[in-house]
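Student: Next come a sequence and a model predicted from it.
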Amino acid sequence: MQRRFALLGAIALTLIGCITTPAVVSYKGVPVNAISLVSISCSDPYVLAQDCSEWTGATLRVKLNDSTFKVAGTADGRIILAMTERTGATQYQAEQAGDAVEATAASLGAKTLKLEALAFGGAVLGYILHFDKDVYTTLKKSAVED
């Protein structure tokens with residue numbers, strides 16, 4: 001059985017019934033596709049080979065633009081999961097993480113190819129960003145201790 005990022009999320013689903021994650025959410029007023037927290041793992045829908053935990057999702061803490069958040073990435077560094085680092089964070093905080101990753105990508109001349117939201121019910125917990133080149137290697141240089 002494939003493990004999911006948030007064991008508590010799965011338990012909550014069992015306890016409170018079916019929580020619907022919308023197929024589309026807003027990112028700074030622009031609609032983006034959403035992936036449900038309970039349907040994602042380190043190997044599905046993307047193989048997040050760097051800094052990913054089946055239980056908690058992204059594990060590498062980085063600090064960019066005065067924001068601290070967690071990231072995970074594919075082996076080639078082109079797909080990045082950026083998540084808020086605490087429970088109860090707002091969508092605005094998730095957007096700040098996405099913005100910081102996009103700013104890093106822009107500084108490398110990388111183009112954003114696709115952006116998806118990671119959501120649970122109506123709450124956006126992070127974003128999955130797709131780039132045309134490795135951005136993750138540069139993000140790792142901004143790692144901070146727990």
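Tutor: Everything's here; your move. Numbering: from 1, shown residues only.
Student: switch to C-alpha atoms for all contacts and neighbour counts from now on
Tutor: Fine.
Student: pLDDT (mean, whole number) over the helix or strand hosting Gln96?
Tutor: Here Gln96, judged by DSSP states H and E, is contained in helix 91-107. Taken as a whole, helix 91-107 carries a mean pLDDT of 95.
Student: Any buried residues in that helix, and which?
Tutor: Across helix 91-107, burial judged by 16 or more other C-alpha atoms under 10 Å covers 91, 93-102, 104-105.
Student: Tell me the buried residues in the helix or strand that that helix is followed by?
Tutor: The helix or strand immediately downstream of helix 91-107 is strand 112-120, counting by DSSP H and E. The neighbour-count check on strand 112-120 (16+ other C-alpha under 10 Å) flags Thr112, Leu115, Glu116, Ala117, Leu118, Ala119, Phe120 as buried.
Student: who's the last one bridged to?
Tutor: Think Phe120. Ala123 (DSSP bridges).
Student: Quick one: the strands in this structure, in order.
Tutor: Per DSSP state E, the chain carries strands over the ranges 24-27, 30-36, 52-53, 57-58, 60-64, 67-73, 79-83, 112-120, 123-131.
Student: Which of those has the lowest mean pLDDT?
Tutor: strand 24-27 (a mean of 86).
Student: Give me the helices and strands touching it, please.
Tutor: strand 30-36 (3 or more C-alpha pairs under 8 Å, 6 or more residues apart in numbering; DSSP states H and E).
Student: Looking at the buried residues of helix 91-107, which two lie furthest apart in space?
Tutor: Spatially, the most separated pair among these is Gln91 and Ala105, at 20.9 Å (C-alpha to C-alpha).
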